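Asks: Okay, structure incoming, though there's no sequence with it:
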Ligand code: SF4
């Protein structure tokens, strides 16, 4: 291992060396300064010079050293010796593990075709995402399965199909109005939260759209029924057009389909939306007026908008709100940023799609389901169903790159049955989890402190240095593991010599070596204000496509629609949504003492009126049931929630219960309640993770 003191982007005190790096414990990629003594990290703090995080670090980031030194971390490859899920393992060498994985997956590929092996991962983890896609292409399978259908692709593809690019808020200028819609950045995007606070302190108007009042700085708070945001967006567009608040000059010069949109929106009145969304019509009007008239404005959209069958249509409607108001491309609105094209993230030179023959690419499970043709992944729920049904063809092997799918994918029971049915599973992770427990071979992944990399978060075009500061022992980065497998598959010419060569390849287009990047620390893509005035919009028409003829040709609605799906009844009278905790990223971190002390158990929030009507008190353990399953969580009263809504914690399992009790994944795991087969979005196959009818019953046990 290179010593920290040799690293250009480090400084040395008497005994302690400080090294700049980037936290990878969630997608935000905050800059960190790591103190190293005697060759091992001893503490870390936020890097005030990082362009995004500016010194901020959250509780998850602070817990990085607990993760690094945790006694239960996987430290060497292991191989199953008893029945699947039986908890019996033996230590094996890396050579034996990798050879076995390649032999077993190749056997399946030879017997049934390479499409019978699926390469799955959880949330985005930087360059290792592309390593996995590259590995699948080298193997010859079209089935890379990710969370993208419920995270990123709904926003990204709706944006691409409406105006050609993913727009990012230009908070620098700053906006005079911000709509914060479907997320709580204080929990999931702390650097963005800080920017919102800064803007509102300087007078920016803030509209918050969230079933729970989560920001007391809001000038206007709308609390929609979970899952109904699409109806709300269409009603806001109705108000903006019918009250003549739209930007006529922008609409006439830069959009196509305005008259059709106007006719389409006639029925989407605020009064009709009120019945579907529970938001008073007057508040819908106020929000629409504020966004259209207090300009420039931007809409910060969150993951709740992507978690259901209306996700793509909802995102299309929000894209259209931006265009109607001219809040697109102008300073202080949502604008185009360079995508750091000079680096190799998602580049075909990296992922090598040409290795997949066109007839094999057409076999992707998403293509069979007639999902959007430019959606390049197979959603987890489609994979689970295909494994169980054997249709449209058999899936018999899986390579799982982290993700803990039993806790993070829709319909955990279905996923468990599906994985159990496979002939062979290889998995990587930091710890044994409910999901790795079902594997045949488990490989120990290194943490971000144990390997060099270039970190690129998906939500802002900034690349940052990630420096190895601890001895990885036998662990390897997930990218390296993919590369080691690629070499063994028999296509050594496509494997990098080692990860140093990979990093040089990755940075080569930027004209710098990894050592030079260490000195620089970050590369930020520039904003492109009013780029359309020079180049038009990068769409087939060169305009913002309010009406999308290409979508119509695919048999999809050319104008955004809202399909009501979340209807309550006597059996399930409440509506469930979910929340993430500041302590945890998806299902990670439940082993880490500081995080668990601060959040020892999962809870569901209820308005006191709702709780009282059910005979529930704060601290009561209760059974939460949907049409798919039941879990138990502790009730917490929350006056800021809309009555009738249940906001349950997501991602829970209990590492302390051990393999014999399946790490407790069936007890409080929200995805026991979600359904994979339906309802799903027709564009992306996304399952409904929020806005689900449910009921709650008291249990005897008290917390
Ligand atoms: S927000 Fe994410 S990247 Fe930033 S410190 Fe927390 S865990 Fe790390």
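Replies: Perfect, I can see it now. Given the structure is predicted, the values throughout are model-derived calculations rather than measurements.
Asks: can you give me the end-to-end distance of stretch 347-356?
Replies: Using Cα to Cα, to the nearest Å, the end-to-end distance of stretch 347-356 comes out at 15 Å.
Asks: Report the central residue of the protein.
Replies: Taking Cα atoms, centre = their mean, the centroid of the chain lies closest to residue 151, which sits 4.1 Å from it.
Asks: Need the per-residue pLDDT for that residue.
Replies: We note a pLDDT of 90 for residue 151 in this prediction.
Asks: isn't it right up against residue 305?
Replies: No - judged on Cβ atoms under 8 Å, residue 151 makes no contact with residue 305 at a distance of 10.6 Å. (Glycine included, C-beta is placed from N, CA and C.)
Asks: returning to that earlier point: quick check: the residue nearest to the centre of the chain vs residue 237, distance?
Replies: Between residue 151 and residue 237 the distance is 25 Å, computed by Cβ to Cβ, to the nearest Å.
Asks: do the same with residue 107
Replies: Look at residue 107 and residue 237: by Cβ to Cβ, they are 54 Å apart.
Asks: Then residue 687?
Replies: From residue 687 across to residue 237, the span is 27 Å (Cβ to Cβ).
Asks: Make sure residue 541 is actually in contact with residue 256.
Replies: Yes - using Cβ under 8 Å, residue 541 and residue 256 qualify as a contacting pair, with a distance of 5.1 Å.
Asks: More neighbours: which of the two?
Replies: Set side by side, residue 541 and residue 256 give different neighbour counts by other Cβ atoms under 10 Å, the larger being at residue 256 (19 against 16).
Asks: For the more buried one, grab phi and psi.
Replies: Note on residue 256: its backbone torsions stand at phi -130, psi 140 [degrees, to the nearest 10].
Asks: Check the spacing between it and the ligand real quick.
Replies: Taken as Cβ to the nearest ligand atom, to the nearest Å, the spacing of residue 256 relative to the ligand amounts to 39 Å.
Asks: Not counting residues beside it along the chain, what's closest to that residue?
Replies: Here the nearest residue to residue 256 in space, its sequence neighbours aside, is residue 543; by Cβ to Cβ, 6 or more residues apart in numbering that works out to 4.6 Å.
Asks: now do residue 291
Replies: For residue 291, the nearest residue in space outside its immediate sequence neighbours is residue 297; the separation is 5.2 Å by Cβ to Cβ, 6+ apart.
Asks: Quick check: the one you found vs residue 175, distance?
Replies: 5 Å.
Asks: Common neighbours of those two, please.
Replies: With contacts taken as Cβ atoms under 8 Å, 6 or more residues apart in numbering, the residues that reach both residue 297 and residue 175 are 332-333.
Asks: Report the contact partners of the residue in the stretch 351-500 of the chain that the ligand sits nearest to.
Replies: Per Cβ to the nearest ligand atom, residue 457 is where the stretch 351-500 of the chain lies closest to the ligand, at 8.0 Å. With contact set as Cβ under 8 Å, 6+ apart, residue 457 has these partners: 27-29, 52, 126.
Asks: Which members of those are the farthest-apart pair?
Replies: With distance counted by Cβ to Cβ, no two of the contacts of residue 457 lie farther apart than 52 and 126, which are 14.2 Å apart.
Asks: doesn't residue 646 fall inside a helix?
Replies: No - counting by DSSP: H, G, I helix; E, B strand; the rest coil, residue 646 is not part of a helix but strand.
Asks: With adjacent residues omitted, what lies nearest to it?
Replies: Once its chain neighbours are removed from consideration, residue 646 has its nearest residue in residue 576; the separation is 4.7 Å (Cβ to Cβ, 6+ apart).
Asks: Let me know the helix or strand that the one you found is in.
Replies: Residue 576 belongs to strand 574-579 when elements are defined using DSSP states H and E.
Asks: again, but for residue 581
Replies: Element membership of residue 581 [criterion: DSSP H and E] is none; it lies in no helix or strand.
Asks: can you tell me which residues contact it?
Replies: Applying Cβ under 8 Å, 6+ apart, one finds that residue 581 lies in contact with 187, 599, 649.
Asks: And it, how close does it get to the ligand?
Replies: Note on residue 581: its distance to the ligand, by Cβ to the nearest ligand atom, is 12 Å.
Asks: Against residue 94, how distant is residue 79?
Replies: Spatial separation of residue 79 from residue 94 under the definition Cβ to Cβ is 12 Å.
Asks: Next: residue 660.
Replies: Taking Cβ to Cβ as the measure, residue 660 and residue 94 are separated by 28 Å.
Asks: just residue 564 next, same as before
Replies: In this structure, residue 564 and residue 94 are separated by 53 Å, where distance is defined by Cβ to Cβ.
Asks: What of residue 256?
Replies: Computed with Cβ to Cβ, the distance linking residue 256 and residue 94 is 56 Å.
Asks: cool, residue 72 as well?
Replies: For residue 72, the distance to residue 94 - Cβ to Cβ - is 20 Å.
Asks: repeat for residue 387
Replies: With distances defined as Cβ to Cβ, the gap from residue 387 to residue 94 amounts to 28 Å.
Asks: From the neighbour counts alone, determine which of the two ranks first.
Replies: Each of residue 387 and residue 94 had its neighbours counted (other Cβ under 10 Å), and the higher figure belongs to residue 387 (22 against 15).
Asks: how far does stretch 564-576 stretch from start to finish?
Replies: One end of stretch 564-576 to the other measures 15 Å (Cα to Cα).
Asks: tell me the mean pLDDT over it?
Replies: The predicted confidence, averaged over stretch 564-576, sits at 92.
Asks: Could you check how far that stretch is from the centre of its chain?
Replies: Here the centre of stretch 564-576 is set off from its chain's centre by 26 Å, with Cα atoms, centre = their mean, to the nearest Å.
Asks: Would you mark the buried spots in it?
Replies: Buried residues in stretch 564-576, counting neighbours by 16 or more other Cβ atoms under 10 Å, are found at 565-566, 572, 574-576.
Asks: Likewise for stretch 308-326?
Replies: By 16+ other Cβ under 10 Å, the buried positions in stretch 308-326 come out as 308-326.
Asks: residues touching residue 131, list them.
Replies: For residue 131, counting by Cβ under 8 Å, 6+ apart, the contacting residues are 478-479, 482-483.
Asks: go again using 10 Å as the cut-off
Replies: Counting by Cβ atoms under 10 Å, 6 or more residues apart in numbering, residue 131 makes contact with 121, 125, 350-351, 401, 477-483, 485-486, 496, 499, 502.
Asks: mind checking which helix or strand the closest residue to the ligand within the chain is in?
Replies: When Cβ to the nearest ligand atom is the measure, the chain has its nearest residue to the ligand at residue 61, with 2.5 Å between them. Element membership for residue 61, per DSSP H and E: helix 59-62.
Asks: Just checking, which helix or strand succeeds that helix along the chain?
Replies: Next helix or strand after helix 59-62 toward the C-terminus (DSSP H and E): helix 64-68.
Asks: by contact count, what packs against that next one?
Replies: strand 31-37, strand 40-46, helix 593-598 (3 or more Cβ pairs under 10 Å, 6 or more residues apart in numbering; DSSP states H and E).
Asks: Now render those as TSV, adding distance to residue 431 and mean neighbour count.
Replies: Formatted as TSV, the entries for these read as follows, by distance: least, Cβ to Cβ, whole Å; neighbours: other Cβ atoms under 10 Å:
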stretch	distance to residue 431	mean neighbour count
strand 31-37	22	22
strand 40-46	19	17
helix 593-598	13	15
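Asks: mind giving me TSV with these and columns for distance to residue 604?
Replies: Shown next, in TSV, are these (distance: least, Cβ to Cβ, whole Å):
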stretch	distance to residue 604
strand 31-37	33
strand 40-46	32
helix 593-598	18
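Asks: Now tabulate the ones you listed in CSV and tack on mean pLDDT.
Replies: Listed next are the helices and strands packed on helix 64-68 as CSV, based on pLDDT from 0 to 100:
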stretch, mean pLDDT
strand 31-37, 96
strand 40-46, 96
helix 593-598, 97
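Asks: could those be laid out in CSV, adding distance to the ligand?
Replies: Conversion of the helices and strands packed on helix 64-68 to CSV gives the following (distance: least, Cβ to the nearest ligand atom, whole Å):
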stretch, distance to the ligand
strand 31-37, 7
strand 40-46, 7
helix 593-598, 11
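Asks: I am finished for the moment; much appreciated.
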